[in-house]
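Visitor: okay, here's the prediction I keep looking at, along with the sequence it came from:
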Amino acid sequence: MSIFPTRILLATDGSEDARLANETAVDLAKSTNSELHVITVGGGQPDPAYYLETAVTYEQAYEAIKREAQDILDKQLKHIEELGGEVAGSYVRQGDRAREIVRLSEELDAGLIVLGSRGLGGLKRAFMGSVSDSVVRHAHCPVMVVRR
């Protein structure tokens, strides 16, 4: 039995902090010979004001969110490949970001979740919430939050 994870889930949103998390996850996966899985979660439900003001249907707005999430994932996968990483699985999910990350980690039986953090202060975090905080609180496995 190894103390190292055999499956790492990297959660990415395309931000600079996420790119740093990519580098960390790739290094960890390579050094521990772990599978690397990558998830990007789209924002969930479209804002009703958006599709009312722009005259697009709810379905069109939902599809636009999915396309944007897939574009983010594709860019992150390319970055991981440039770093010499090998991805065992990639996933685009819709909904609450933290909940979807935790759900997939359980489905995969991940041994570690890696994600970036913007490092919001206490007041901003209280109003906006924090994906990383929520993942840490609800995950079944260790979580590595990568910050600049």
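Guide: Now that the structure is in, tell me what you want to look at. Everything numeric here is computed off the predicted structure, so don't read it as measured data. Numbers count the residues shown, from 1 in each chain.

Visitor: so which residues of the protein form strands?
Guide: Counting by DSSP state E, one finds strands in the chain at the ranges 7-11, 35-42, 87-94, 112-116, 143-146.

Visitor: in this structure, where's the longest helix?
Guide: Among all segments of the chain classified by DSSP state H, the helix with the greatest residue count is helix 58-82.

Visitor: tell me what it is packed against?
Guide: Taking 3 or more CB pairs under 8 Å, 6 or more residues apart in numbering; DSSP states H and E as the contact definition, the neighbouring helices and strands of helix 58-82 are helix 16-32, strand 35-42, helix 48-53, strand 87-94. All C-beta spots, glycine's among them, are computed from the backbone N, C-alpha and C.

Visitor: wait, which of those is closest to Leu112?
Guide: Leu112 lies closest to helix 16-32 among those, at 7.3 Å (CB to CB).

Visitor: and that closest one, what's buried?
Guide: The neighbour-count check on helix 16-32 (16 or more other CB atoms under 10 Å) flags 17-19, 21-22, 24-26, 28-29 as buried.

Visitor: make a markdown table out of those residues and add distance to Val114 and pLDDT.
Guide: Formatted as a markdown table, the entries for the buried residues of helix 16-32 read as follows, by distance: CB to CB, whole Å; pLDDT from 0 to 100:
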| residue | distance to Val114 | pLDDT |
| --- | --- | --- |
| Asp17 | 11 | 83 |
| Ala18 | 10 | 85 |
| Arg19 | 12 | 88 |
| Ala21 | 5 | 93 |
| Asn22 | 9 | 94 |
| Thr24 | 6 | 96 |
| Ala25 | 4 | 96 |
| Val26 | 10 | 97 |
| Leu28 | 7 | 96 |
| Ala29 | 9 | 96 |
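
Visitor: need the helix or strand of this protein with the lowest average pLDDT.
Guide: Confidence across the helices and strands of the chain bottoms out at helix 122-128, with a mean of 43, counting by mean pLDDT, DSSP states H and E.
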